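Enquirer: Could you work out the structure for the sequence below:
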Amino acid sequence: MAKEDDRYNINAVTRSFQILDLLASKHEALSIPNVSEALGVNSNMAFRLLKTMEDTGYLDKDERTGLYSLSLKVLKLSRTALQALEIRKFAMPYLEMLWSNFTKANINMGMRNGDEIIMVDRIDGNQLPRTYFTPGKVIPFHCTGLGKVLCSELGEEEIRAMAERAGGLKRFTANTITDVDSLLQELGKVRDEGVGRDRNEYIQDDNCSAVPIRNADGKIVAAISASALSLAMTEEEIEGTIPKLRETANRISAMLGFQAV
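Expert: Residues are numbered from 1 along each chain as shown. A predicted model of the protein is given here:
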């Protein structure tokens with residue numbers, strides 16, 4: 001039986017957003033058959049949808065391959081959304097002060113959107129080589145400091161559901177946690193200590209420490225971290241950033257109305 005609100009839905013609009021979601025999740029260009037299969041529509045409908053989105057500037061078509069990808073217009077929208085996040089306005093001055101204490105480190109801020117952990121801000125360290133995490137980049141929830149913090153207060157059922165929807169916990173390095181029970185134990189530790197750690201779990205020789213930012217209701221709404229390749233900072237040095245990270249996160253949380261007990 002159709003939902004009461006279904007009468008307000010316009011299928012073509014819904015499918016257009018599904019195409020944007022599909023391109024964002026796959027990180028690769030799509031063909032007409034790809035869209036036809038994913039949306040359960042015939043190839044003519046898939047072509048009409050893609051052509052309309054191309055004509056309105058939201059998709060680019062490679063005339064050589066016939067594949068469609070996201071356009072710069074979508075990037076402009078994503079940047080506008082990032083800039084609209086109120087928390088960034090409060091946080092950036094504090095992140096810059098934090099970075100002045102650890103100029104070799106990358107200072108990062110992330111937020112959770114459903115199953116995705118999204119990097120919303122970053123100040124790069126002054127050392128080379130460096131990892132590149134531009135605002136808007138989606139990172140794993142199970143093997144990053146930011147991800148662990150942002151998921152640390154979710155219930156066990158939700159964590160298991162996230163892992164299932166992701167098709168399992170993907171291995172990135174030899175240190176990546178790929179077992180859900182082990183991840184739940186790790187998240188319990190993060191919850192108790194208020195710190196999420198990534199020690200060579202997502203990128204080899206890259207270490208990260210992260211702490212939560214809370215709103216007036218005490219809910220974790222964001223997380224900040226310091227990260228660096230081991231050539232720039234040792235594990236011990238990244239561990240040593242935690243007190244300043246906490247101090248910075250507490251200041252931002254206070255700006256959002258959070259009052260520590």
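
Enquirer: So what touches the helix or strand containing residue 99?
Expert: Using DSSP states H and E, residue 99 sits within helix 86-101. Identification of contacts with helix 86-101 by CB atoms under 8 Å, 6 or more residues apart in numbering yields 82, 105, 107, 109, 111, 120-121, 123, 213, 221-222, 224, 226, 241, 244-245, 248, 251-252, 255-256. Heads up, the C-betas are built off the backbone N, CA and C, glycines and all.

Enquirer: Which of these fall in strands?
Expert: 107, 109, 111, 120-121, 123, 213, 221-222, 224, 226 (DSSP state E).

Enquirer: neighbour-wise, which of the residues you listed leads?
Expert: residue 226 (31 neighbours; other CB atoms under 10 Å).

Enquirer: could you pull out the strands for the stretch 151-261 of the chain?
Expert: 196-199, 206-214, 220-229 (DSSP state E, counting those that start in this stretch).

Enquirer: Residue 187 against residue 147, yeah?
Expert: No - using CB atoms under 8 Å, residue 187 is not in contact with residue 147; the gap is 9.8 Å.

Enquirer: the more surrounded of those two?
Expert: Each of residue 187 and residue 147 had its neighbours counted (other CB under 10 Å), and the higher figure belongs to residue 147 (27 against 23).

Enquirer: you'd agree the more buried one is in a strand?
Expert: No - assigned with DSSP: H, G, I helix; E, B strand; the rest coil, residue 147 falls outside any strand and is helix.

Enquirer: can you tell me how far the residue nearest to it when sequence neighbours are not counted sits from residue 69?
Expert: Closest residue in space to residue 147, ignoring its immediate chain neighbours: residue 141 at 3.8 Å, by CB to CB, 6 or more residues apart in numbering. Distance of residue 141 to residue 69, computed by CB to CB, to the nearest Å: 25 Å.

Enquirer: pLDDT score assigned to residue 85?
Expert: Residue 85 is assigned a predicted lDDT (pLDDT) of 68.

Enquirer: Kindly report the same for the one 10 residues further on.
Expert: According to the model's per-residue confidence, residue 95 sits at a pLDDT of 94.

Enquirer: Count residues in the vicinity of it, would you?
Expert: Residue 95, neighbours per other CB under 10 Å, totals 19.

Enquirer: One more: residue 14?
Expert: 10.

Enquirer: need the next SSE after the helix or strand where it lies, C-terminal direction.
Expert: Using DSSP H and E, the element containing residue 14 is helix 11-26. Downstream of helix 11-26, the next assigned helix or strand under DSSP H and E is helix 32-39.

Enquirer: relative orientation of that next one and helix 11-26 in degrees?
Expert: 110 degrees (axes from the mean of the first three to the mean of the last three CA atoms, to 10 degrees).

Enquirer: which strands and helices sit next to helix 32-39?
Expert: On a contact count with 3 or more CB pairs under 8 Å, 6 or more residues apart in numbering; DSSP states H and E, helix 32-39 meets helix 11-26, helix 43-55.
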